[in-house]
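> Just a sequence and a predicted model for now, questions to come.
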Amino acid sequence: MSGLFPLRVRGAETSRNGVHLVGPVDLDLDGQGLCVVLGPNGSGKTTLLRLLHGIARLRRGQISWACDAKQARNRQAFVFQRPVMMRRNVLDNIAYPLVVRGARSRAARAEALRWAERMGLGDLVACQAGVLSGGEQQKLALARALITQPELVFLDEPTASLDGRATREIETVLADAQAAGTRLILSTHDLGQARRLAAHVVFMLHGRVHETGSADAFFDRAETPEARAFLQGDIVE
Amino acid sequence: MTELWQGLTQAFWLMVTFDPELAEIALRSLRVTFTALAIACLIAFPMAAILAVRRFRFRRTVIAVLNALMGLPPVVVGLVVYVLVSRSGPFGALGLLFTPKAMIIAQVIIIVPLIASIAHQSLRDIWAEYHDLLISMNVTQRQKMRTLMWDARRALLTAALAGFGRGIGEVGAIMIVGGNIDQVTRVLTTAIALETGKGDFALALALGFVLIGLAVSVNLMIHWLGQTEREGRW
């Protein structure tokens, strides 16, 4: 069992500029298997992930990990839907989290090189990150997230703009990370990907957790009509 | 037109013959401006980073004032510095009036707002890109500022070059606080003003061309050293 879990969310709500975005959300996660946050566009998947990680400000309610909030954030990483490419080369991008945690530059770069090679970016380490393709940028973002060996990684639609091949490569990396003991919480609106990866599903609609449960139960016997409609590919509003 | 041509010819000969007086004045110009620039950058860059990263009361007001100060009239700055460092002023005991140090102080005051404003705009843009990433990594405020300044170093170089351009071409303030004393505080701009006053337009123009040449050369050199516009770079 990870030192972070169980995660307990009670009545969590957030808003921005007076616009209510998500909540109230009640959720319990034990961190076993890959958790997929599923739902149509605008349902609050990204905001929920940001809220759990602490990037979005909690306006009401409570989010508690097994350890204190600051420790929890240090044990987590976040991969954004549109990966943020720092204005540095690939190697320095990947090494950055280690450098800010106090690692020596040479050691951080050596580790970053190992991760770059593992991600198939070995030939690109000297390139500026901004010139990489979408798939390569997402791999870089994953390497940067995984290099600190976090206990939990949040992935916000990591393959949303990628083709099938790049998606498969990313999913392979995720499977390896999971095998190495990293917990993953991934948001997606891609049903195929959810079916391939999920052990646990959180179905979001209108900023709330509409349904949650094991992936098998959700995909075979969704309880709510909205979830069933979503699974059938209907437009859910 | 004749005077322009004479000025060009004289500028050429002054440089070819390596006129000692010209060399001394040009070197003093560079020394004063580079010193002022270094001090101004040390003040302006962290100030810009703080304004980009930190949220505090009156932040917007500070930014607005900083932008407004870009248009600070140099003569007024010169006058204020004069009052402060003159014998009867609060810093009179330091004996700074009519020294290159007083000229540096005036230049720093003039170029800090310019450098800080340009730098702030660049750092603000890059902060908007990095915000979520750095927050998610639990990066400290100091690390955020260092990261932004490092990643925006080429934009900061441009800000510094703008400051250099303003400083090297400055005449009003340094004339007042420096006094244009031969072999002590005379720089290219004050020498141009002097020669124009004396009616020696050809020499004034020659010095003007040397000043332009110097400013352009320094800019090109820094541009080249900073490796801006290199393929595959930001």
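All right, it came through fine.

> ok, for residue 54, nearest residue in space, not its chain neighbours?
If you meant another chain, say so; for now it's chain A. Leaving aside its chain neighbours, A:Gly54 sits nearest to A:Arg73 (5.2 Å; criterion: CB to CB, 6 or more residues apart in numbering or on different chains). All C-beta spots, glycine's among them, are computed from the backbone N, C-alpha and C.

> Hmm, no, I was thinking of chain B.
Among residues not flanking B:Arg54 along the chain, B:Gln141 sits closest, at 6.7 Å (CB to CB, 6+ apart).

> And that neighbour, how far from B:Met70?
26 Å (CB to CB, to the nearest Å).

> what do you get for A:Lys139?
From A:Lys139 across to B:Met70, the span is 43 Å (CB to CB).

> If you count surrounding residues, which of these two has more?
Neighbour comparison, A:Lys139 and B:Met70: the larger count goes to A:Lys139, with 28 against 17 (by other CB atoms under 10 Å in any protein chain shown).

> how about that one, what does it touch?
Counting by CB atoms under 8 Å, 6 or more residues apart in numbering or on different chains, A:Lys139 makes contact with A:Met119, A:Gly120, A:Leu121, A:Glu169, A:Ile170, A:Val173.

> Nearest to chain B among those residues?
Comparing the contacts of A:Lys139 against chain B with CB to the nearest CB places A:Leu121 closest, at 15.5 Å.

> Surely the closest one and A:Leu140 touch.
Yes - using CB atoms under 8 Å, A:Leu121 is in contact with A:Leu140, at 6.3 Å.

> which residues do those two both contact?
Here A:Leu121 and A:Leu140 have A:Val90, A:Leu132 as joint contacts, going by CB under 8 Å, 6+ apart.

> On the three-state scheme, B:Gln121 is what?
Three-state call for B:Gln121 (DSSP: H, G, I helix; E, B strand; the rest coil): helix.

> where does chain A come near chain B, residue by residue?
Contacts of chain A with chain B, taken as CB under 8 Å from any CB of the partner chain, map to A:50, A:53-55, A:70, A:73-74, A:76-78, A:80, A:84, A:86-88, A:96-97, A:100, A:127-128, A:130-131.

> Inside helices: which ones of these?
A:Arg50, A:His53, A:Lys70, A:Arg73, A:Asn74, A:Tyr96, A:Pro97, A:Val100 (DSSP state H).

> Quick check: phi and psi at the spatially most central residue of chain A.
Nearest residue to the geometric centre of chain A (CA atoms, centre = their mean): A:Leu155, 1.6 Å. Dihedral pair for A:Leu155: phi -120, psi 120, per degrees, to the nearest 10.

> hang on, the earlier thing: of the ones in helices among the residues of chain A next to chain B, select the buried ones using a PyMOL command.
The following PyMOL line selects those of those that are buried, judged by 16 or more other CB atoms under 10 Å in any protein chain shown:
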select buried, chain A and resi 50+53+73+96+97+100
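
> Which positions in chain B make contact with chain A?
Proximity of chain B to chain A is confined to B:126, B:129-130, B:132-133, B:135-140, B:143, B:147, B:151-152, B:232-234 under the rule CB under 8 Å from any CB.

> Surely B:Ile174 touches B:Ser29?
No - counting by CB under 8 Å, B:Ile174 does not reach B:Ser29; the two are 9.5 Å apart.

> Between those two, which has more neighbouring residues?
Per other CB under 10 Å, whichever of B:Ile174 and B:Ser29 has more neighbours is B:Ile174, with 32 against 26.

> residues bridging contact with B:Ile174 and B:Ser29, i.e. touching both?
Taking CB under 8 Å, 6+ apart as the criterion, B:Ile174 and B:Ser29 both touch B:Val187, B:Thr189.

> The contacts of A:Lys139: which two are farthest apart?
Based on CB to CB, the longest span within these runs between A:Leu121 and A:Ile170 and measures 12.7 Å.

> before we move on, the earlier item: filter the contacts of A:Lys139 down to the buried ones.
Buried members of the contacts of A:Lys139, scored by 16+ other CB under 10 Å, are A:Met119, A:Leu121, A:Glu169, A:Ile170, A:Val173.

> Can you point out the buried residues in stretch B:4-22?
Neighbour counts over stretch B:4-22 (16+ other CB under 10 Å) mark B:Gly7, B:Gln10, B:Ala11, B:Leu14, B:Met15, B:Asp19, B:Leu22 as buried.

> Quick one: mean pLDDT over it.
The average pLDDT for stretch B:4-22 rounds to 80.

> Which residue, neighbours along the chain excluded, lies closest to B:Thr140?
Distances taken as CB to CB, 6+ apart place A:Val100 nearest to B:Thr140, at 7.9 Å, with adjacent residues excluded.

> so who does the one you found touch?
B:Met137, B:Val139, B:Thr140, B:Gln143, B:Thr147.

> Tell me the pLDDT of the closest residue to the second one other than its chain neighbours.
Nearest residue to B:Val139 in three dimensions, chain neighbours excluded: A:Val100, at 5.2 Å (CB to CB, 6+ apart). Confidence at A:Val100, expressed as pLDDT, is 94.

> What of A:Cys67?
Looking at A:Cys67, its pLDDT is 88.

> same question, B:Arg230
54.

> which residue ranges form the helices in chain B?
Secondary structure of chain B by DSSP H: the helices cover B:2-16, B:20-53, B:59-69, B:74-85, B:100-136, B:141-151, B:153-168, B:172-178, B:188-198, B:201-225.

> Any regions of the chain where pLDDT drops low?
Going with chain A. The model of chain A has pLDDT under 70 over residues A:1-2.

> Can you look at chain B instead?
Applying pLDDT under 70 to chain B picks out residues B:1, B:227-234.
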